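>>> pasted the sequence and its predicted model underneath.
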Amino acid sequence: MKFVLIFGPQAVGKMTVGLELAKITDLKLFHNHMTIDLVSTFFDYGTTEGKRLVELFRNEIFEAVSKSDLDGIIFTYVWAFDMKEDWNYVNHVCELFESRGGTIYFVELEAQIEERIIRNKSPQRLEHKPTKRDIVWSENNLKTSMERYRLNSWPGEINQSNYLRINNTNISAEEAAKRIQERFNL
């Protein structure tokens, strides 16, 4: 069982790279908005109940996948490195897969803010992420999040052997996925 965690700030290309990686491997993509957008039909993700339900659905899917005969899963996540609860969450999910013999792969994406603002409006993003369709709100959220949180790691902060950092400002999602596949022999 493989657990590929693709993380980075909003609109860096996590889902798009994950879609491309799923095409060239036997891994299934579980992007973070699959649960956020499901729950947001009923409760805003920022509410206590919204967060509880998102976590519940994710944990149930992780439990089921980790016990399955699937080759693995790709999960996308916006990881705030300055928030202990995000570290705890990542550790919890990784421990779940590791406890069942899984191998964890960390893929960090980074891109220039100007490129992320362009990507924030891409048709694919808007198709797969209904809560991002309010472009004014989404772009403002992207900018305020990067001011409020540290959304990329510092050099040496992720010290896992299965770690890859890609600046994908000027490369395609297909190229990024190919680099991930080759680096980890997926």
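Yep, it's here. Please read all numbers here as calculations on a predicted model, not as lab measurements. Residues are numbered from 1 along each chain as shown.
>>> when you work out contacts or count neighbours from here on, use the C-alpha atoms and nothing else.
Will do.
>>> could you point out the longest helix of the protein?
helix 48-67 (DSSP state H).
>>> now that helix: buried residues?
50, 51, 53, 54, 57, 58, 62, 65, 66 (16 or more other C-alpha atoms under 10 Å).
>>> the first one contacts residue 40, correct?
Yes. When contacts are counted by C-alpha atoms under 8 Å, residue 50 is listed as touching residue 40 (6.9 Å).
>>> what is in contact with these two at once?
Common neighbours of residue 50 and residue 40 (criterion: C-alpha atoms under 8 Å, 6 or more residues apart in numbering): none identified.
>>> which helices and strands does the longest helix of the chain pack with?
With contacts taken as 3 or more C-alpha pairs under 8 Å, 6 or more residues apart in numbering; DSSP states H and E, helix 48-67 sits against helix 33-40, helix 84-98.
>>> now, of these, which is deepest in the fold?
With neighbours taken as mean count of other C-alpha atoms under 10 Å, those reach their highest mean count in helix 33-40, at a mean of 19.
>>> next, the angle helix 48-67 makes with it.
Put simply, helix 33-40 runs at 140 degrees to helix 48-67, going by axes from the mean of the first three to the mean of the last three C-alpha atoms, to 10 degrees.
>>> and helix 33-40, average pLDDT?
The pLDDT scores in helix 33-40 average 87.
>>> so where's this structure uncertain?
123-134 (pLDDT under 70).
>>> quick one, strands of it?
With strands called from DSSP state E, the chain shows them at 2-7, 28-30, 72-77, 103-110, 163-167.
>>> picking up where we left off before, nearest to residue 137 among the buried residues of helix 48-67?
Nearest to residue 137 out of these is residue 50 (C-alpha to C-alpha; 18.5 Å).
>>> how close does the closest one get to residue 15?
Residue 50 sits 21 Å away from residue 15, taking C-alpha to C-alpha, to the nearest Å as the criterion.
>>> how far does stretch 38-50 stretch from start to finish?
Stretch 38-50 end-to-end distance (C-alpha to C-alpha) = 10 Å.
>>> so how far is that stretch from its chain's centroid?
19 Å (C-alpha atoms, centre = their mean, to the nearest Å).
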